[in-house]
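this one's structure only:
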């Protein structure tokens with residue numbers, strides 16, 4: 001981006017291309033791990049009761065999570081930037097064409113949000129595949145052959161074969177039984193909802209009700225907590241998986257909102273800046289005269 005004056009902003013094509021490339025550098029590894037990643041082959045004890053829970057379908061499916069987390073944020077950001085357009089007097093030029101400043105603002109806020117979401121998801125996936133923690137329903141899904149019948153207590157098994165005919169040929173489920181820590185649902189939902197709350201705090205300026213903004217923030221974070229709790233009640237994760245997922249998502253959201261975005265930047269008043277410059281010139285003039 002090149003700033004020609006306080007009211008004219010020229011967006012270079014190179015900047016947009018570089019932004020897309022950098023976003024893909026974080027996003028493509030997520031797809032790679034999903035399609036071809038292999039989790040660490042962690043073993044188990046046959047008498048580990050924390051791995052003997054039943055298998056349940058997810059109360060909050062992944063597609064619901066992603067549509068709500070991404071769709072809600074993008075829709076609210078686009079609407080908010082459009083409604084705030086009278087407060088922005090800049091002229092934005094891209095490829096020699098003047099574009100509405102609110103479109104450029106949407107590009108900036110959604111781009112930063114997407115970058116933070118990719119960072120959160122990639123961090124979660126790297127931890128998942130590196131640790132390879134078994135899910136609470138591991139024995140129900142796998143039925144390892146080493147634990148059929150009698151088995152010695154406190155013997156750690158790393159070499160085994162899953163015998164459950166219902167799932168042993170389902171590559172997705174057999175892969176996911178090793179991806180318990182941390183909870184991806186928890187980290188993603190907490191990132192999107194905490195960032196949603198941060199964005200509303202800085203950009204929602206409607207004075208019709210003082211409680212509306214805070215109610216929306218509370219409901220957003222509450223929905224994330226609900227999603228995380230269902231991961232425990234559905235026996236998809238251990239409680240520690242969910243706790244770390246919530247902390248990870250919230251941390252990335254706070255870092256993204258405060259460090260990556262310009263939500264907390266305070267533009268300097270032009271009048272104050274001119275006064276400071278005039279005062280500095282006066283001080284320099286007096287100093288040179290005294291010498």
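Received, thanks. No experiment lies behind these values; they were computed from the predicted model shown.

State the next helix or strand along the chain beyond the helix or strand bottoming out on mean pLDDT in the chain.
Least confident element among the helices and strands of the chain, by mean pLDDT, DSSP states H and E: strand 2-3 (a mean of 48). Counting by DSSP states H and E, the next helix or strand C-terminal to strand 2-3 is strand 8-11.

Quick one: list the elements packing against that following strand.
Contact here means 3 or more C-beta pairs under 8 Å, 6 or more residues apart in numbering; DSSP states H and E; on that basis strand 8-11 packs against strand 2-3, strand 91-94, helix 101-131. The way it works is simple: take the backbone N, C-alpha and C, and place the C-beta from them, glycine included.

looking only at pLDDT, what's the mean for it?
The pLDDT scores in strand 8-11 average 86.

For that strand, which residues meet the burial criterion?
9, 11 (16 or more other C-beta atoms under 10 Å).

Now find how far off-centre it is within its chain.
How far strand 8-11 lies from its chain's middle: 29 Å, per C-alpha atoms, centre = their mean, to the nearest Å.

Taking helix 101-131 as reference, get the angle to the next helix or strand after that strand.
Where DSSP H and E defines the elements, the next helix or strand beyond strand 8-11 is helix 13-36. Following axes from the mean of the first three to the mean of the last three C-alpha atoms, to 10 degrees, one obtains 30 degrees for the angle between helix 13-36 and helix 101-131.

so how far is helix 13-36 from its chain's centroid?
Counting by C-alpha atoms, centre = their mean, helix 13-36 comes out at 15 Å from the chain centroid.

Against which helices or strands is the helix or strand following that helix packed?
Once the chain leaves helix 13-36, the next helix or strand it forms, by DSSP H and E, is strand 44-45. Using 3+ C-beta pairs under 8 Å, 6+ apart as the contact criterion, the elements in contact with strand 44-45 are strand 156-157.

Quick check: neighbours of the strand it packs on in the sheet, parallel or antiparallel?
Next to strand 156-157 in the sheet, as set by DSSP bridges, lie strand 44-45 (antiparallel).

Give me the residues contacting the next helix or strand after the strand it pairs with.
The helix or strand immediately downstream of strand 44-45 is helix 62-66, counting by DSSP H and E. The list of residues contacting helix 62-66 from outside it, by C-beta atoms under 8 Å, 6 or more residues apart in numbering, reads 185, 188, 189, 227.

Make JSON lines from those and add secondary structure, pLDDT and neighbour count to it.
Below are the contacts of helix 62-66 laid out as JSON lines (DSSP: H, G, I helix; E, B strand; the rest coil; pLDDT from 0 to 100; neighbours: other C-beta atoms under 10 Å):
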{"residue": "185", "secondary structure": "helix", "pLDDT": "97", "neighbour count": "28"}
{"residue": "188", "secondary structure": "helix", "pLDDT": "98", "neighbour count": "25"}
{"residue": "189", "secondary structure": "helix", "pLDDT": "97", "neighbour count": "28"}
{"residue": "227", "secondary structure": "helix", "pLDDT": "97", "neighbour count": "26"}
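
Tabulate the helices and strands packed on strand 8-11 (JSON lines), appending distance to residue 83 and mean neighbour count.
Formatted as JSON lines, the helices and strands packed on strand 8-11 follow (distance: least, C-beta to C-beta, whole Å; neighbours: other C-beta atoms under 10 Å):
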{"stretch": "strand 2-3", "distance to residue 83": "24", "mean neighbour count": "10"}
{"stretch": "strand 91-94", "distance to residue 83": "17", "mean neighbour count": "18"}
{"stretch": "helix 101-131", "distance to residue 83": "9", "mean neighbour count": "19"}
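
Go through those and name the closest to residue 20.
Residue 20 lies closest to helix 101-131 among the helices and strands packed on strand 8-11, at 8.9 Å (C-beta to C-beta).

helices or strands next to that closest one in the packing?
Helix 101-131 packs on strand 8-11, helix 13-36, helix 72-83, strand 91-94, helix 184-203, helix 239-255, going by 3+ C-beta pairs under 8 Å, 6+ apart.

what's the angle from that helix to helix 239-255?
On the basis of the same axes, to 10 degrees, helix 101-131 is oriented at 150 degrees to helix 239-255.

what's the model's confidence in helix 101-131, averaged?
Helix 101-131 comes out at a mean pLDDT of 96.

again with stretch 213-223
Average pLDDT, stretch 213-223: 96.

Distance from the chain centre to that stretch, please.
For stretch 213-223, the distance to the chain centre is 17 Å (C-alpha atoms, centre = their mean).

which parts of that stretch are buried?
Neighbour counts over stretch 213-223 (16+ other C-beta under 10 Å) mark 213, 217, 220, 221, 223 as buried.
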